[in-house]
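J.: need coordinates for the below:
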Amino acid sequence: MPVPPSLHRTGRLLRAPLLAALALFALAGCDEEGLGLNGEYVATVSGDVNADYTGEAYYTVFDNGSGPVFALLFFRGDLFDNDEDEYAYVALWREGDRPGTGVYPIESAQTAPAAFAASYADLVDADTPEASGPVLTATEGVLTLTHFEAGFLSGSFRFDGHGLYLPETNAFIDAAVDGTFEARYLAPGVLFSLPIDFQFD
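T.: Okay, here's the model as predicted:
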């Protein structure tokens, strides 16, 4: 059975002035041109969980110690509205640099060539033992990357997920997550300033 992502992480959200500086660095990009705008997405969760989301969409490439990892991240509302107490996100990732346009499988075991892993969480009181909300790990699905221009990566995704609705720990739930996006480059330092353990492994 899939194990829900960790609900605890050492560290605290950086103070506002530093976050603002990091955000400006993120908008400047790294090796991408960019338009100086945040990315956006819309997504729907259906099944044992039913919810609609809109917010900011980002992609990044970071080094996990063994090489580069590419990640797509979709946050409810503004990126910095998500903190150690309350957050909602969808994440997709795989080893390697930013991929080109095309269709990529999403798998729990990532056994297919170029397969992505994915997860979804929507938690309140996330930094306490009373954390409440759904936490899902993708079992199968598809990520489609359709266009890349001026630092923005566009596409769509859909995956079936399996997990828990915390604080319950012995009754599993299933739901489908699907959405469309135009994601903006985000510097890894900004992503990892958030006190959220995305379980990129």
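J.: secondary structure element holding Ser193?
T.: Using DSSP states H and E, Ser193 sits in no helix or strand.
J.: my bad, Val190
T.: helix 188-191.
J.: sec struct for Asp97, please.
T.: When classified by DSSP: H, G, I helix; E, B strand; the rest coil, Asp97 comes out as coil.
J.: that one touches Phe70, doesn't it?
T.: Yes: counting by CB atoms under 8 Å, Asp97 does reach Phe70; the two are 6.2 Å apart. To be clear about C-beta, it is placed using only N, CA and C from the backbone, and glycine gets the same treatment.
J.: how far away is the residue of the chain most remote from its centre from Gly96?
T.: Going by CA atoms, centre = their mean, the residue of the chain most distant from its centre is Asn170, 25.0 Å out. Counting by CB to CB, to the nearest Å, the separation of Asn170 from Gly96 is 36 Å.
J.: so which elements touch the helix or strand containing Asp174?
T.: Using DSSP H and E, Asp174 sits within strand 172-185. Under the contact criterion of 3 or more CB pairs under 8 Å, 6 or more residues apart in numbering; DSSP states H and E, the helices and strands touching strand 172-185 comprise strand 39-47, strand 51-63, strand 68-76, strand 117-124, strand 133-149, strand 152-166.
J.: now those strands as a markdown table including distance to Pro188 and mean pLDDT?
T.: Below are these laid out as a markdown table (distance: least, CB to CB, whole Å; pLDDT from 0 to 100):
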| stretch | distance to Pro188 | mean pLDDT |
| --- | --- | --- |
| strand 39-47 | 16 | 97 |
| strand 51-63 | 4 | 96 |
| strand 68-76 | 9 | 97 |
| strand 117-124 | 18 | 97 |
| strand 133-149 | 19 | 96 |
| strand 152-166 | 16 | 97 |
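J.: Val103: neighbour count?
T.: Using other CB atoms under 10 Å, Val103 has 12 other residues around it.
J.: for the closest residue to it other than its chain neighbours, name its beta-bridge partners.
T.: Using CB to CB, 6 or more residues apart in numbering and skipping the chain neighbours, the partner closest in space to Val103 is Thr144 (5.1 Å). Beta-bridge partners recorded for Thr144 (DSSP bridges): Val103, Ser156.
J.: Thr144 and Gly155: what is the separation?
T.: Thr144 sits 5 Å away from Gly155, going by CB to CB.
J.: counting neighbours, what do you get for Leu191?
T.: 20.
J.: also Gly77?
T.: Gly77 has 13 nearby residues by other CB under 10 Å.
J.: could you do Ala121 as well?
T.: 25.
J.: got the contact list for it?
T.: Shown in contact with Ala121 (CB atoms under 8 Å, 6 or more residues apart in numbering): 5, 87-89, 133-136.
J.: so what touches stretch 159-166?
T.: Counting by CB under 8 Å, 6+ apart, 1-2, 4, 7, 48-49, 106, 118-120, 123, 131-142, 171-178 sit against stretch 159-166.
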